[in-house]
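Student: Please find the sequence and the predicted model below.
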Amino acid sequence: MDNFVIVTGCSGGGKSTLLQALHERGFATVEEPGRRIVRHQQAVGGTALPWIDLKAFAKEAIRLGQEDRNRMAGHGGWVFFDRSLVDAASALASATGNTAAIEALRKDARYHSRIFAVPPWPEIFANDDERQHDFAAAVEEYHRLAAHYAELGYEWTIIPKAPVEQRAEFVLRALPY
């Protein structure tokens, strides 16, 4: 959908903070599926966690990503997604070596052609209960995502390292009105 805009990129690079700023400006936003999965799995003692069972985690992220798209269908304005089905399919490919889930997105479940990516930013990267990987793994993820989005024909637009309000302005100026 042309009004579905993805914010992706390096873990710990400020995606969630940027989406919060866009939400405060009145835009519809969708929280990252991964964070929701981790919170739920930790609450129930589950194992579909990226550091325990990446394959199960990625499959659940795909399911939630599809639900998010369905829930936001018909929304008339910009909808900003913290990650997307492409991110989830990329995680599944990383876990299994099988890229079928990525290939399935070539025609189905499209988003706006311009993808916004937060780059690796070691000065703000931090671990927490929901993000347990190190910065090197986050950088590897960033490069893997850049390759997968390019394979699917999306325009990878790097968001500058700047205060969040400047980042929000950058994203909004880059979108057609």
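Tutor: Good, I have the coordinates. Residues are numbered from 1 along each chain as shown.
Student: Where does the prediction get shaky in this protein?
Tutor: Residue ranges of the chain with pLDDT under 70: 1, 122, 124-134, 177.
Student: show me what contacts the most centrally placed residue in it?
Tutor: Central residue of the chain (C-alpha atoms, centre = their mean): Arg83, 1.3 Å from the mean position. Shown in contact with Arg83 (C-beta atoms under 8 Å, 6 or more residues apart in numbering): Ile6, Val7, Thr8, Lys15, Glu32, Pro33, Gly34, Ala61, Gly65. C-beta: built from backbone N, CA, C; applies to glycine.
Student: who wins for most neighbours among the residues you listed?
Tutor: Counting neighbours by other C-beta atoms under 10 Å, Thr8 comes out on top of the contacts of Arg83 with 28 neighbours.
Student: ok so it is a strand residue?
Tutor: Yes - assessed with DSSP: H, G, I helix; E, B strand; the rest coil, Thr8 lies in a strand.
Student: quick one: contacts for it?
Tutor: Contacts of Thr8 (C-beta under 8 Å, 6+ apart): Lys15, Arg83, Ser84, Val86, Asp87, Ile115, Phe116, Ala117, Val118, Leu145, Tyr149.
Student: could you redo the last one with a cut-off of 10 Å?
Tutor: Applying C-beta atoms under 10 Å, 6 or more residues apart in numbering to Thr8 gives the contacts 15, 32, 81-84, 86-87, 90, 111, 115-118, 141-142, 145-146, 148-149, 154, 156, 159.
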